[in-house]
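Participant: Sequence isn't available, so here's the structure alone:
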């Protein structure tokens, strides 16, 4: 009897192993499901953070190097660029400092607000939605659909102006919306963020949108960027 009892404790039976494998498989599937869901939630925040980093760098370089730094959102190439304009009166010396590829528009859109968001974040002074021109005049994005923010050495931010050297540029703030499109309606969002850039000071702020709150309080300042 003692020998039989000793042998039964040597290992698991086939049935016990199968139970362990089934439980492990179920737990793995559940973990992957939640991991994928969280990755989707992070995509708009990741895209917003990358763009804010570029805007912050543009502002700092403009103030410290005393040059105009241009940020372009190029929807034709689906890319964001940081450009040193060098001599602002000459278009041919523009130099790309860095760039990054935007996520697929099926995953994240970086543009004006989605149809199911009726209001914009509230700043002390109005900050209009970012404007895209259908045919850029700047050499590095010529004829592309582009939105432009030009950070100048005096701290102000302008649009792209009317030609390659930004003649007619006006000081203006911009609100850039970063959102995850709904699978059933690509013009609506499921997760929405916004970045406001104040034209008179170049201040940058990130906002989170909470659709379950009343429209006048749905946008909350993240307070992560000032």
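Facilitator: Yep, it's here. This structure is a prediction, so every number in the text was calculated from the model and none was measured.
Participant: Which stretches in this protein count as strands?
Facilitator: Under the criterion DSSP state E, the chain contains strands at 69-74, 79-84, 95-101, 109-111, 146-151, 157-158, 174-181, 189-197, 204-209, 219-221.
Participant: buried stuff in the third one?
Facilitator: Going back to what we said before, that points to strand 95-101. The neighbour-count check on strand 95-101 (16 or more other CB atoms under 10 Å) flags residue 99 as buried. For glycine as for every other residue, the C-beta is placed from the backbone atoms N, C-alpha and C.
Participant: tell me which strands and helices it is in contact with?
Facilitator: Here strand 95-101 touches helix 14-65, strand 79-84, going by 3 or more CB pairs under 8 Å, 6 or more residues apart in numbering; DSSP states H and E.
Participant: Contacts made by the shortest one with the rest, please.
Facilitator: Contacts of strand 79-84 from elsewhere in the structure, counted by CB atoms under 8 Å, 6 or more residues apart in numbering, are 50-51, 54, 57-58, 61, 65, 67, 69-74, 94-102, 110, 140-141.
Participant: could you redo the last one with a cut-off of 10 Å?
Facilitator: Residues outside strand 79-84 that contact it (CB atoms under 10 Å, 6 or more residues apart in numbering) are 47, 50-51, 53-55, 57-58, 61-62, 65, 67-74, 93-102, 110, 138-141, 144, 146-148, 150-151.
Participant: Each with direction, which strands does that strand pair with?
Facilitator: Paired neighbours of strand 79-84 in the sheet (DSSP bridges): strand 69-74 (antiparallel), strand 95-101 (antiparallel).
Participant: average model confidence for the first one?
Facilitator: Spelled out, that is strand 69-74. Strand 69-74 shows a mean pLDDT of 97.
Participant: circling back: list buried residues within the contacts of strand 79-84.
Facilitator: Applying 16+ other CB under 10 Å to the contacts of strand 79-84 flags 47, 50-51, 54-55, 57-58, 61-62, 67-74, 94, 99, 102, 110, 138, 140-141, 144, 146-148, 150-151 as buried.
Participant: which residues touch the residue lying closest to residue 103 once chain neighbours are set aside?
Facilitator: Closest residue in space to residue 103, ignoring its immediate chain neighbours: residue 47 at 5.5 Å, by CB to CB, 6 or more residues apart in numbering. Counting by CB under 10 Å, 6+ apart, residue 47 touches 80, 100, 102-103, 107-110, 178-180, 193.
Participant: Might you list the low-confidence residue ranges for this protein?
Facilitator: Along the chain, the parts satisfying pLDDT under 70 run over 1-12, 14-17, 20, 22, 24-41, 224-226.
Participant: at 50 what do you get?
Facilitator: 6-7, 32-39, 224-226 (pLDDT under 50).
Participant: what comes up buried for stretch 103-120?
Facilitator: Neighbour counts over stretch 103-120 (16+ other CB under 10 Å) mark 103, 108-114, 117, 120 as buried.
Participant: Pick out the most distant pair among these.
Facilitator: Distance extremes for these: the farthest pair is 103 and 120 at 22.3 Å, using CB to CB.
Participant: thought residue 95 was touching residue 61?
Facilitator: No - with contacts counted by CB atoms under 10 Å, residue 95 stays clear of residue 61, the gap being 11.6 Å.
Participant: Endpoints of stretch 93-113, how far apart?
Facilitator: Length of stretch 93-113, first residue to last, CA to CA, to the nearest Å: 34 Å.
Participant: I am finished for the moment; much appreciated.
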